[in-house]
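In: Next come a sequence and a model predicted from it.
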Amino acid sequence: MNIDDALFSKHDPLKRIQIDYFKQILRSLLGRYDKVYDTSKCKPVNWPEFSAFIDAAYVCGFVCSDFEQQVDDGGSIDALVQQLEFHPQLVQTLTGQQLRHVVHHIIRCERWNDGGSQFGGGCVWDMLESGLGHALADALDRL
């Protein structure tokens with residue numbers, strides 16, 4: 001079997017199976033998070049759902065080699081993600097490409113942080129805690 005480990009391009013279209021599989025893995029991670037009663041003692045980087053989410057983002061084409069720090073309106077992707085963490089309902093206004101860029105940013109930020117927050121998963125943890133993860137999963141339903 002020949003498996004290509006090169007990153008996708010933002011210009012590569014996503015297939016329905018990629019979107020559905022990624023959404024399934026995201027919902028699994030959200031399910032695990034939703035069962036946590038004492039978030040001060042959890043370490044999500046040790047969860048199999050956490051690793052599966054990171055891996056799925058890469059293999060399903062949500063992490064791309066050519067996304068930039070700017071979004072369509074010239075603002076930064078970091079600012080957009082922060083805005084979405086405060087107002088997750090705004091995710092419903094994003095296009096499929098913008099959703100992909102948001103996921104890309106969260107995953108790359110997580111990789112750069114190397115699980116360095118007190119919970120072990122800085123950017124992904126912020127996505128879970130803010131409600132952005134649920135909003136992303138719901139938005140993927142409409143793609």
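Out: Alright, I've got the coordinates.
In: Give the residue spans of the chain that score low on pLDDT.
Out: 1-5, 39-40, 113-121 (pLDDT under 70).
In: Just give me the residue right at the centre of it.
Out: For the chain, the residue nearest the mean C-alpha position is Val103 (3.5 Å; Cα atoms, centre = their mean).
In: Assign it to helix, strand or coil.
Out: What DSSP: H, G, I helix; E, B strand; the rest coil gives for Val103 is helix.
In: what are the phi and psi values for the residue lying closest to it once chain neighbours are set aside?
Out: If the residues on either side of it in the chain are set aside, Val103 comes closest to Phe62, at 4.2 Å by Cβ to Cβ, 6 or more residues apart in numbering. Yep, even glycine has a C-beta here, placed from its N, CA and C like the rest. Main-chain torsions, Phe62, degrees, to the nearest 10: phi -90, psi -20.
In: Next up, the contacts around the residue nearest to the centre of the chain.
Out: Shown in contact with Val103 (Cβ atoms under 8 Å, 6 or more residues apart in numbering): Phe22, Ala57, Phe62, Val63, Leu136.
In: isn't Phe22 right next to Ile54, touching?
Out: No: using Cβ atoms under 8 Å, Phe22 makes no contact with Ile54, being 11.2 Å away.
In: quick one, which of those two is more surrounded?
Out: Phe22 (23 against 19; other Cβ atoms under 10 Å).
In: Redo the contacts of Val103 as CSV? Include secondary structure.
Out: Converted to CSV, these look like this (three-state DSSP):
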residue, secondary structure
Phe22, helix
Ala57, helix
Phe62, coil
Val63, coil
Leu136, helix
